[in-house]
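Peer 1: need a structure here:
(chains A and B)
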Amino acid sequence: MASNSIEEAFRYKLVNTVAITNLVAAAKIFWLEAIPKTAFPYLTYFVVSDPHEPMSFDHTDSGQVRMQVNIFDDNKSRALSIAHVVRDALDQVSGAIDGVTFAAMNCKGIRVLKQMDDNAYQATFDTMIQYYDV
Amino acid sequence: MLRKWTSKDPKTEFAQLIPKALRIIGSNVVGQARLLINNVTGRLGGSLTWAMSGEQSEVGSKGKGSDAIGKPSSPNEVWIGTGVEYGPYVEYHKNNYAYLRPAMDKNRKEAIRLLRDAIREDYGK
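Peer 2: Got it, this is the predicted structure:
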């Protein structure tokens, strides 16, 4: 079934990209938040902002979103190297993805943060997505 | 009083308007970012500030003097942020508590309008 939202289409792209699932299993790719006690490494993603939110809903949707992608791992260099692979797999992707047309996907720089609560490293980057026809 | 556009040196005249527009953009982004912060003590929101090469806005009433940020060297830039050490952790938090990037994104299109308004205010339509 085709995606009904930009998040669903983005997930479809993530779990159907072999370069990504070779490093992070599809079962460890989560929207917003991981299931507690998920083994490292795992990946989360969510929309941070939608600056071009449509003014009305009329069975179509389009716009631009800033999607944040996070890779969590207890090994800093591994978190960073996975983030590079994921970013390379997503950057400049365009075309139809599970019912959503991606006009452009532009990835930003990677930052690494040390989590305070579980000692994990978070390698994170944003990707700006222009899309239409959800 | 309206300024008169001499058009002898439009580049110089236009350059004089940029700091005014950057000041407005900085204030707008800081104001919107403060609304997005869910912070108990209010220090993070209070610490948000903007800085240009020659000036820096004061930190809010609940911020501290040490929360100031650096200044850009270019007169055509405005830096917006916080000196609070946990600021990045909130911005990039795994549960999405971002405050600066949404505020910046919302103002990206507004920036052109603000610059246009600054010109109109000084020179008329």
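Peer 1: near chain B, which residues of chain A show up?
Peer 2: Residues of chain A found near chain B (CB under 8 Å from any CB of the partner chain) are A:32-33, A:44, A:46, A:48-49, A:51, A:66, A:68, A:70, A:72, A:111, A:113, A:115-116, A:122, A:124, A:126. Quick note: C-beta positions are derived from backbone N, CA and C, even for glycine.
Peer 1: Of those residues, select the buried ones using a ChimeraX command.
Peer 2: Here is the ChimeraX selection string for the buried members of these, based on 16 or more other CB atoms under 10 Å in any protein chain shown:
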select /A:44,46,48,49,51,66,68,70,72,113,122,124,126
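Peer 1: just checking, which of the residues of chain A next to chain B belong to strands?
Peer 2: The members of the residues of chain A next to chain B that map onto strands under DSSP state E are A:44, A:46, A:48-49, A:66, A:68, A:70, A:72, A:111, A:113, A:122, A:124, A:126.
Peer 1: between those residues, which is closest to chain B?
Peer 2: Sorting these by distance to chain B puts A:S49 at the head of the list, at 3.7 Å, by CB to the nearest CB.
Peer 1: Local confidence estimate at the closest one?
Peer 2: A:S49 carries a pLDDT score of 88 in this model.
Peer 1: Same check on B:P10?
Peer 2: 72.
Peer 1: again with B:Y86
Peer 2: The per-residue pLDDT reported for B:Y86 equals 88.
Peer 1: From B:I69, how far out is the nearest residue to it once chain neighbours are set aside?
Peer 2: Excluding the flanking residues, the one nearest B:Y86 by CB to CB, 6 or more residues apart in numbering or on different chains is B:L44, at 7.3 Å. Computed as CB to CB, to the nearest Å, the B:L44 to B:I69 distance reads 13 Å.
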